[in-house]
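Asker: predicted model and sequence below, questions to follow.
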Amino acid sequence: MTTLYGDLETFSPVNLKTGSTHNYADMAEVMLFLYAIDDGEVKCWDRTTGEPMPKDLANHLYNRDVELVFQNSHFDRTVLRRGDMGITLPVERFHDTMIQAMAHSLPGGLERIGQIIGLTEEQAKMKDGKKLIKLFCVPQGKDKTGRATRLTHPEEWAQFIEYGKSDVIAMREAKRKLPMWNYRVGGRNRKLWNLDQKINDRGFAVDVEFATKAVLAANAAQRVLKARVQDETLGQVESATKRDQLLRYILAEHGVDLPDLTSDTLKRRLEDPELPEAVRILIAIRLEAGMASSAKFKALLAAVSADGRLRNALQFAGAMRTGRWAGRVFQPQNMKRPDLDAWMIDLMIEAILYGALDLATDEPMRALANTVRGCIIAPEGKKLCIADLSNIEGRVLVWLAGEQWKLDAFREVDTPLLDDWGQKIPDGKGGYKRVGHDLYKLAYAKAFNIDPRDVDGVMRQVGKVLELAMGYEGGVGAFLTFAAVYNMDLDKLADAVWATATEEALAQGRAMHAWTLKKKRSTFGLEERVWVACEVLKRLWRDAHPEVCSLWAAAANAMRLAVKTPGVMFPAGEHIGVQRDGVWTRVRLPSGRVLCYLKVECTEDGQLSYMGVNSYTRQWSRIKTYGGKLVENWTQAAALDVMTENMPLIEDSGYAVTLTVHDEILTETPDTDEYSSDYLAEMMSIVPVWAQGLPLSAAGFETTRYRKG
């Protein structure tokens, strides 16, 4: 197939960092169109000269049989369509080297790709390229109304053209050197990317009025919080967001030494009964002021298009290790978990719309954080049909491990209880009673050896934390992370564990605590009694899940064997295979997609590591891993494959997908009875051919304003 490699250099008065690709494109001018055909010379069509499009470029650009290769093609494709050229090209013709890299667990930036795959200096991007982009592609001067051009800076313009050519050269080499396992034309993942691009082009409707008034409410609330901090500190701290000022004041005036002002640290200190009341007030103000709700509203408003829709909020394969989507623009993947009842959130939305949030609540920032989802709405004549897969990650984990009792438990909880006439029995909460027990209740019951029917709401929350925290070889630290998310009272938890656990289990927990202290490992500031309780729960969970624990060991062992014996595939359980090919170690998922680990190494004592992007430093470095972490990657990746398997069917059935949030799919449909969330859930629950034996269940709801189901 003939290939056209292309790169655009553009100018727009819209700030791409704070706006959106589509807003930028609406006012964009294409200045340079750099291109090469196959292995041919890299050429430049300088549109600022007024010359028409070169014939060879036109012949290949409009030829449907020619493949179009761009880096971050969504930008170029959008600019071509919405900018001053007005050219619409089908997404199926595009090959994106950024996506090619990210689909194989590599960073997407062309410069980073070049460093990793070993492009020469001539092939890689020119070092002064960023300066040239800043000069020619963005408005100049203090008032941002000036502009540098070919005529005002002819010498730099010539360098700018050479810089653009170097991009095309690097892109061409990257396409050749990068793997293609997850990006083959006609392959499952490539088709999914094509659908992703259509979803991002479609976007979702935004309640602009609500977002605007939410920003005003947030600004007013921040002013109140700022004044409160100044009053409490007699003006010594300017505002709650002044981190160093606040830390110094609390230490100097109250003798309380806080290591940082992170949410987890502050919430734990609030549990200290000896904490001075003045410090308690300042911490509460800091927690309130630190909520990022206003930033999300501002991001929405900055990026929403003139037609009231926000586009390009999803990054395909943005979570590089698993291939899951990452959020962009306003980060829909990390919206706050609601901690207010649904009716209260609705009330807060009404209060914001009427400009009366301060009258409706004493915690306006908390209220705002709970209402962010409400910015996503259905346009007139439409409704939102939303559904999510029930505990998909937990289901996939035990399916991969072959934990039969747990698979049976999932099937039972999916089965509705029928009356004597074969009708489903309502549960009084909008659903139906089930044959089996709720899995979170069952988790608590197994840990504390009680009847699942005796598990109340508080106990169920403990069971939920157990299920979420323990599946990937996590210990006390993992348990604490999820306990903080769900505001669990650890002292009450310890009381329950010590009252019901066997003496043997408590003795083992105490011994582990002593060993942890001896090895000078962190006990996370917990009292021994609480730490031991968490350790006991960890052991009880593992005792109940022997096959999951075996999968952790099998994953690490398969990786070690693959490293030592290239070219041979080693099984990790029944559904996963691991094989090393050159510098790549490939993990074959049940769907056929592969996860890629670059330059895996195994030390003499069995410690595994690979090259990747460190999630904390964001730097390319060597990352250590272990069985549980590998299983986490593979489980999350397989869960993604399950969710996306039926997305083409959903689209073809008239349910226009506008967004995915973790395991939840949002769709826009006509506001008629023909479309329902029940049918959406039914389509999502179709078990893929490659996942036979996996129990699936989904549930959803219909609304005109997005909320947490």
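Answerer: Nice, thanks for sending it over. Residues are numbered from 1 along each chain as shown.
Asker: how is the chain divided into domains?
Answerer: Here the domain parsing of the chain from automatic domain parsing is 3-178, 206-374, 380-401+577-709, 402-547.
Asker: could you dump those into a markdown table with mean neighbour count and distance to Ala555 added?
Answerer: Heads up, the C-betas are built off the backbone N, CA and C, glycines and all. Compiled in a markdown table, the domains of the chain are given as follows (neighbours: other CB atoms under 10 Å; distance: least, CB to CB, whole Å):
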| stretch | mean neighbour count | distance to Ala555 |
| --- | --- | --- |
| domain 3-178 | 18 | 16 |
| domain 206-374 | 18 | 14 |
| domain 380-401+577-709 | 19 | 4 |
| domain 402-547 | 17 | 10 |
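Asker: chain neighbours aside, what residue packs nearest to Thr233?
Answerer: Tyr249 (5.5 Å; CB to CB, 6 or more residues apart in numbering).
Asker: so that neighbour makes contact with Gly235?
Answerer: No: counting by CB atoms under 8 Å, Tyr249 sits too far from Gly235 to count as a contact (10.5 Å).
Asker: report the contact partners of the residue nearest the centre of the chain.
Answerer: Nearest to the mean C-alpha position of the chain, by CA atoms, centre = their mean, lies Ala326 at 3.9 Å. Counting by CB atoms under 8 Å, 6 or more residues apart in numbering, Ala326 makes contact with 314-315, 318-319, 333.
Asker: could I get the residues you listed as a markdown table with distance to Thr149 and secondary structure?
Answerer: Converted to a markdown table, the contacts of Ala326 look like this (distance: CB to CB, whole Å; DSSP: H, G, I helix; E, B strand; the rest coil):
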| residue | distance to Thr149 | secondary structure |
| --- | --- | --- |
| Leu314 | 35 | strand |
| Gln315 | 33 | strand |
| Gly318 | 35 | strand |
| Ala319 | 41 | strand |
| Gln333 | 40 | helix |
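Asker: which other helices and strands does the helix-or-strand element of the chain with minimal mean pLDDT contact?
Answerer: Least confident helix or strand of the chain, by mean pLDDT, DSSP states H and E, is helix 263-270 with a mean of 78. With contacts taken as 3 or more CB pairs under 8 Å, 6 or more residues apart in numbering; DSSP states H and E, helix 263-270 sits against helix 277-289, helix 476-485.
Asker: between helix 263-270 and the strand or helix carrying the residue nearest to Thr233, find me the angle.
Answerer: Using DSSP states H and E, Tyr249 sits within helix 243-254. Orientation of helix 243-254 against helix 263-270 (axes from the mean of the first three to the mean of the last three CA atoms, to 10 degrees) gives an angle of 10 degrees.
Asker: rewinding a little: redo the helices and strands packed on helix 263-270 as JSON lines? Include distance to Gly700 and mean pLDDT.
Answerer: Below are the helices and strands packed on helix 263-270 laid out as JSON lines (distance: least, CB to CB, whole Å; pLDDT from 0 to 100):
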{"stretch": "helix 277-289", "distance to Gly700": "33", "mean pLDDT": "85"}
{"stretch": "helix 476-485", "distance to Gly700": "23", "mean pLDDT": "87"}
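Asker: how about JSON lines for the ones you listed, with distance to Leu34 added?
Answerer: Below are the helices and strands packed on helix 263-270 laid out as JSON lines (distance: least, CB to CB, whole Å):
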{"stretch": "helix 277-289", "distance to Leu34": "47"}
{"stretch": "helix 476-485", "distance to Leu34": "47"}
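Asker: closest to Ser166 out of the ones you listed?
Answerer: Checking the helices and strands packed on helix 263-270 against Ser166 by CB to CB gives helix 476-485 as the closest, at 44.3 Å.
Asker: from the chain's centroid, how far away is the following helix or strand past that closest one?
Answerer: As assigned by DSSP H and E, the chain's next helix or strand after helix 476-485 is helix 490-500. Centre-to-centre, helix 490-500 and its host chain are 34 Å apart (CA atoms, centre = their mean, to the nearest Å).
Asker: who are the packing partners of helix 490-500?
Answerer: For helix 490-500, the packing partners by 3+ CB pairs under 8 Å, 6+ apart are helix 439-448, helix 457-470, helix 476-485, helix 528-544.
Asker: quick one: which of these is nearest Lys492?
Answerer: Nearest to Lys492, of the helices and strands packed on helix 490-500 and by CB to CB, is helix 457-470 at 8.0 Å.
Asker: let me see the mean pLDDT of the closest one.
Answerer: Helix 457-470 comes out with an average pLDDT of 90.
Asker: which strands and helices sit next to it?
Answerer: Partner elements for helix 457-470 (3+ CB pairs under 8 Å, 6+ apart): helix 439-448, helix 476-485, helix 490-500, helix 528-544.
Asker: swap the cut-off to 6 Å and go again
Answerer: Counting contacts by 3 or more CB pairs under 6 Å, 6 or more residues apart in numbering; DSSP states H and E, helix 457-470 is packed against helix 439-448, helix 476-485.
Asker: okay if I get the ones you listed as TSV plus distance to Asp414?
Answerer: TSV is the format used below for the helices and strands packed on helix 457-470 (distance: least, CB to CB, whole Å):
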stretch	distance to Asp414
helix 439-448	10
helix 476-485	24
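Asker: quick one: which of these is nearest Thr265?
Answerer: helix 476-485 (10.1 Å).
Asker: Gly567: neighbouring residues, count only.
Answerer: 9 (other CB atoms under 10 Å).
Asker: look at it and give its secondary structure.
Answerer: coil (DSSP: H, G, I helix; E, B strand; the rest coil).
Asker: where does it land on pLDDT?
Answerer: With respect to pLDDT, Gly567 scores 96.
Asker: any idea how far Thr703 is from the spatially closest residue to Ala367 that is not a sequence neighbour?
Answerer: Among residues not flanking Ala367 along the chain, Met348 sits closest, at 4.2 Å (CB to CB, 6+ apart). Distance of Met348 to Thr703, computed by CB to CB, to the nearest Å: 16 Å.
Asker: now swap in Ile686 and tell me
Answerer: 24 Å.
Asker: thinking again about what came up before, in this structure the residue nearest to Ala367 contacts Thr371, no?
Answerer: Yes: the criterion here is CB atoms under 6 Å, and Met348 meets it with Thr371 at 5.4 Å.
Asker: my guess is Ala101 contacts Gly108, does it?
Answerer: Yes: the criterion here is CB under 6 Å, and Ala101 meets it with Gly108 at 5.4 Å.
Asker: the stretch 101-250 of the chain: helices as residue ranges?
Answerer: 110-117, 129-136, 154-177, 188-202, 208-232, 243-254 (DSSP state H, counting those that start in this stretch).
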